[in-house]
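K.L.:
Fold the stuff below for me.
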Amino acid sequence: MTKQLFTVSEFLEAYAISRSTFYREVAAKRITLTKLGTASRVARADAEAWAASLPTYQGEAA
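P.N.:
I've put the predicted structure just below:
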């Protein structure tokens, strides 16, 4: 079964971003946190939507 929620640490590792960048994205409302008591989690669907919204770089054609 695929995990449906990331811990913050799992998200940082999976998407290779810093903790400060993560919280800037949360503050800008580009990443949605889900609270479970005092624990913060990121839903897999929200993580994938965030990653899909990032700009891409194609490079220059040869």
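
K.L.:
how far away is the spatially most central residue of the chain from Phe6?
P.N.:
With distances taken as Cα atoms, centre = their mean, Ala47 lies nearest the centre of the chain, 4.3 Å away. Look at Ala47 and Phe6: by Cβ to Cβ, to the nearest Å, they are 6 Å apart. Every C-beta, even on glycine, is put in place using the N, C-alpha and C of the backbone.

K.L.:
which residues are common contacts for the two?
P.N.:
Common neighbours of Ala47 and Phe6, using Cβ atoms under 8 Å, 6 or more residues apart in numbering, are Ala14.

K.L.:
separation between the closest residue to Ser53 other than its chain neighbours and Thr38?
P.N.:
Residue nearest to Ser53 in three dimensions, not counting chain neighbours: Arg30, with 7.1 Å by Cβ to Cβ, 6 or more residues apart in numbering. Relative to Thr38, Arg30 is positioned 23 Å away (Cβ to Cβ).

K.L.:
Out of the two, name the residue with the larger neighbour count.
P.N.:
Between Arg30 and Thr38, counted using other Cβ atoms under 10 Å, Arg30 has the larger neighbour count: 13 against 5.

K.L.:
ok but that one is inside a strand, no?
P.N.:
No - read with DSSP: H, G, I helix; E, B strand; the rest coil, Arg30 is coil and lies in no strand.

K.L.:
Just the local confidence number for it, please.
P.N.:
pLDDT, Arg30: 96.

K.L.:
gap between it and Ala43?
P.N.:
For Arg30, the distance to Ala43 - Cβ to Cβ - is 14 Å.

K.L.:
which residues of this protein fall in strands?
P.N.:
Secondary structure of the chain, counting by DSSP state E: strands at 5-7, 34-36, 39-43.

K.L.:
which intervals of the protein have sub-threshold pLDDT?
P.N.:
Along the chain, segments meeting pLDDT under 70 span 1, 61-62.

K.L.:
And the helices in it?
P.N.:
Counting by DSSP state H, the chain has helices at residues 8-15, 19-27, 44-53.

K.L.:
Lovely, talk soon.
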